[in-house]
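Participant: based on what follows, work out the 3D shape:
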Amino acid sequence: EPAYTPEIAPEYRLFAKFLELPVAVRTKTGCPLRCAYCIDPINMRPTYYRPLEHVIADFASYIEEYDLHKFHIADSEVNLPKEDHLIDVCQALVGEGLADRQRWHGYFNIRPCSDRLIEALMQSHCYLPAFGVDSFDDGVLILHQKNFKMRHVTDVLDRLIAHNDGSMTLSISILFGE
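Facilitator: Below is the predicted model of the structure:
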């Protein structure tokens, strides 16, 4: 089955180029989490992975045909249900010579996030890993049905800061209220 890379409307190309809006690329659909507040029906189903060559073809097409270099990996949580999928994407960007020609960001879950993944993020030019931490209170994390505790948050953020060469900005999202 051939890769499908959607054409980008001329208006969006203009905005993407001059305002540095990211181009969305999906590597998969579905999400194994069942966060108490999630209302996204597309992600409340089993995970379906796009073929890696299709994902890389999207990046290559947007870079080469449209001269666009900023991307958003638009998966629900890019490192779920297993981080190996994202590591494969990162390694393919490097292996195909695309990593140095682009920057990307995505939404991450705190777990899993190994040193191997952090290194792959750095090599593939992830400039903005965004973590939905929700709260800095274990009780609230339990209520929100998160798969991590504050000790996991602290561990991941400490390791990301230690590996950061200055090219990455961390984004942490929290919710206010109960």
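
Participant: residue boundaries of the helices in the protein?
Facilitator: Applying DSSP state H to the chain gives helices spanning 10-19, 52-66, 83-95, 115-123, 138-143, 150-163.

Participant: deepest-packed of those, please.
Facilitator: helix 83-95 (a mean of 19; mean count of other CB atoms under 10 Å). For the C-beta atoms, the positions are set from N, CA and C on the backbone; glycine is no exception.

Participant: before we move on, back to that, just so I know, which of the helices of the chain lies nearest Cys31?
Facilitator: helix 83-95 (12.7 Å; CB to CB).

Participant: check which helices and strands the closest one sits against.
Facilitator: Here helix 83-95 touches helix 52-66, helix 115-123, going by 3 or more CB pairs under 8 Å, 6 or more residues apart in numbering; DSSP states H and E.

Participant: quick one, which of the ones you listed gets closest to Ser76.
Facilitator: It is, among those and with distance given as CB to CB, helix 52-66, at 15.4 Å.

Participant: now do the closest one against helix 83-95, angle only.
Facilitator: 40 degrees (axes from the mean of the first three to the mean of the last three CA atoms, to 10 degrees).

Participant: any residues touching helix 52-66, and which ones?
Facilitator: 3-5, 8, 13, 16, 23, 25-27, 68-69, 71, 88-89, 92-93, 96, 98, 101-102 (CB atoms under 8 Å, 6 or more residues apart in numbering).

Participant: distance from it to the middle of the chain?
Facilitator: In terms of CA atoms, centre = their mean, to the nearest Å, the centre of helix 52-66 is found 16 Å from the chain centre.
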